[in-house]
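[1] From the sequence below, what's the structure:
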Amino acid sequence: MTKNMLNCFYDLSIAPCSYDFFAFLISAELHRKRNGFESLAVIFLPGPNNGYRHDNLRTFDQNDNFFKNVLLNGPLLYKSCKSIVWLNDRSEAKKYLEPFTHVFPRGFTLQNPVTDYVYHGIVTSYFRGDDPVFFEAPPYAKSLAKSALSKISVNKSFITLTTRELQRDDPGTRRIDFEVWKNFFSQLDRSRFQPLIIRDTSMAFNSAPLFDDVPEIEAASIHLHMRYAIYQESFLNIFKPNGPSIISSYGTAPNLFFFEHNDQHCAISKSWYKTHYGMNRDSQFPLTTQNKRIVWDKESLELLNGTIKFLNESDVKLQSLLYPITDKITLMDTTKIALMHTIDNLKFGVLGEDVRVFQFYKDLLDRRLVSGPEPKNLILDYQKKGNLPKNTWDEILEIDRSTKSVLDDKSLVYQTG
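    Next up, the predicted model:
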C-alpha cells in the first residue's frame, strides 16, 4: 500500500457477486484517474452469508465459483491495479481505511459501508465530461487468445456471439433467436469472417454445440482474461443482455448489444435503464465510444449485416469518440442521476469533481436545456434539512471561485449586455 494508491472496497455484505462488480471497478478507475492516484488496490470484504450477502439469486457454490473465477481476476483488466486483497475478517480492513481521502467509494467505513455497482458513478463521469477508461487484457491472455484463434483462422476477422442460457430473470428476450443466427451464419461471407460462440459458463462443456459449423471457445467461457482477450482480438462482439457484455461495452473492440426491454423483470426494464443509466429508447450506454452500439430491438439479419457494413466502411476512429446526448429527456435523466450521486458524495466533503458537476448543471440551466432548482438553492435546501454539512455551499463556492466561477451570485460569466 503506497501513498499514491487508491484503496477500493467491494463489500460483499451489500454488493452482489456478479458482473455488476465491473460497474464498480469502472467507477473506481475513473475516480483514480480524476484524482491523480498512481494505482488501484481492490479490497474484497466478506459478507454475513458464508462470505456473501443475503439474497436468493445464487447458491453458495455459485457465488463462490463466480467470486474465485471472475471477481478476483477482474481488477487485473486494468493495468493500474497493483494489489488485490481478499479479507477473511472485516476488521482486517482497518489498515486500508487511512487516510480517508485514499478510499473508494467516498465515505466508505466498516460501520456504514457504501458501494457503487449500478452505474451512478459512470453516469456522473459522463455528465461531467470525464475521459473514458478501457479494460485491457493482460499480456499472457493476449498471447493465449492469439494462439487459440490462429488455430481456427489466420486471415479472417472474428465475430463473437456471447450467449446467455440461464432461465433466471429471462422472459425469453435474453436468449438468442436461434433461427436468426442460423440464417446469419449461413449467409456470412466466410472468406472474410469467422464466427465464434462463447457459451454461458454452465453450458460450455456439458452440451452439444449450438451450431454445427461455428466453433465454440470453451476456455473463454470459464476464463475471464481469455474471454476479454478474445473480445479484444475480434472485429465485432455481439450480445444480448448478459453479464459479460459490460467488459466489452467498456473495452476497446467494437460491440453490438441487442436489448428488448421487459418491465416484468427489473434488470431489463425501461425504468431500470432510465433510473440508473439515464437511458431511454435509442440511448447508448453512458461513457461508451462510438464503436459500441446498443439496439433497442431484437436481433435481425438487417441489423447484423448493417453493423458489419458500417464498421467496414467507417474511416473514423470510432473508439476515440464518445456518444453525445442528443435528446432532452435523456439529458434530464442523466442530470438527475449526476446531481443525486454528487449530493450523496458531498456528505463526505467537497472535491473539485463535485463542483464541476454543479458548474455543468448551471450551464445547462442557463441555456434552458434542463429544468430544476439553482445549484445554490438545491444545496442550501439539503443543508437546511440536515442532509449535508452546514458549510457545504461555502466550500463549493471556494473551489468554484478558483476555477470557472460560475456559481457565485456575483459571477459575470453568463451575464450579457
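[2] Moving C-terminal from the helix of greatest length in the chain, which element do we reach first?
    Counting by DSSP state H, the longest helix found in the chain is helix 328-346. Note on helix 328-346: by DSSP states H and E, the next helix or strand toward the C-terminus is helix 352-366.
[3] coming back round to it: kindly export the longest helix of the chain (C-alpha atoms) in CSV.
    Only the C-alpha atoms of helix 328-346 are listed here, as CSV (Å, rounded to 0.1, in the frame of the first residue of the first chain):
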residue,chain,number,x,y,z
LYS,A,328,-33.6,16.4,-23.8
ILE,A,329,-35.3,13.5,-21.9
THR,A,330,-32.0,11.6,-21.7
LEU,A,331,-30.1,14.7,-20.8
MET,A,332,-32.6,15.4,-17.9
ASP,A,333,-32.4,11.8,-16.7
THR,A,334,-28.6,11.9,-16.8
THR,A,335,-28.5,15.2,-15.0
LYS,A,336,-30.8,13.9,-12.2
ILE,A,337,-28.5,10.9,-11.6
ALA,A,338,-25.4,13.0,-11.6
LEU,A,339,-26.8,15.5,-9.2
MET,A,340,-28.1,12.9,-6.7
HIS,A,341,-24.8,10.9,-6.9
THR,A,342,-22.8,14.1,-6.3
ILE,A,343,-25.0,15.2,-3.4
ASP,A,344,-24.5,11.7,-1.8
ASN,A,345,-20.8,12.2,-2.1
LEU,A,346,-20.9,15.7,-0.7
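[4] between it and helix 352-366, how many degrees?
    If you take axes from the mean of the first three to the mean of the last three C-alpha atoms, to 10 degrees, helix 328-346 sits at 150 degrees to helix 352-366.
[5] quick check: mean pLDDT across helix 328-346?
    Mean per-residue pLDDT for helix 328-346: 98.
[6] what does stretch 228-240 give?
    Here the average pLDDT along stretch 228-240 is 97.
[7] need the helices for the protein, in chain order.
    21-34, 60-66, 120-128, 139-150, 178-187, 218-222, 224-233, 245-249, 270-277, 301-313, 328-346, 352-366, 375-384, 392-401.
[8] now those helices in TSV, with distance to Pro46 and mean neighbour count?
    For glycine as for every other residue, the C-beta is placed from the backbone atoms N, C-alpha and C. Listed next are the helices of the chain as TSV, based on distance: least, C-beta to C-beta, whole Å; neighbours: other C-beta atoms under 10 Å:
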stretch	distance to Pro46	mean neighbour count
helix 21-34	15	24
helix 60-66	11	15
helix 120-128	23	25
helix 139-150	28	16
helix 178-187	41	14
helix 218-222	24	19
helix 224-233	21	24
helix 245-249	24	24
helix 270-277	26	17
helix 301-313	43	14
helix 328-346	25	20
helix 352-366	30	19
helix 375-384	34	16
helix 392-401	34	18
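[9] Those into a markdown table, with extra columns for distance to Ser13?
    What follows is these, written out as a markdown table (distance: least, C-beta to C-beta, whole Å):
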| stretch | distance to Ser13 |
| --- | --- |
| helix 21-34 | 14 |
| helix 60-66 | 13 |
| helix 120-128 | 19 |
| helix 139-150 | 31 |
| helix 178-187 | 40 |
| helix 218-222 | 27 |
| helix 224-233 | 23 |
| helix 245-249 | 22 |
| helix 270-277 | 21 |
| helix 301-313 | 41 |
| helix 328-346 | 19 |
| helix 352-366 | 27 |
| helix 375-384 | 28 |
| helix 392-401 | 29 |
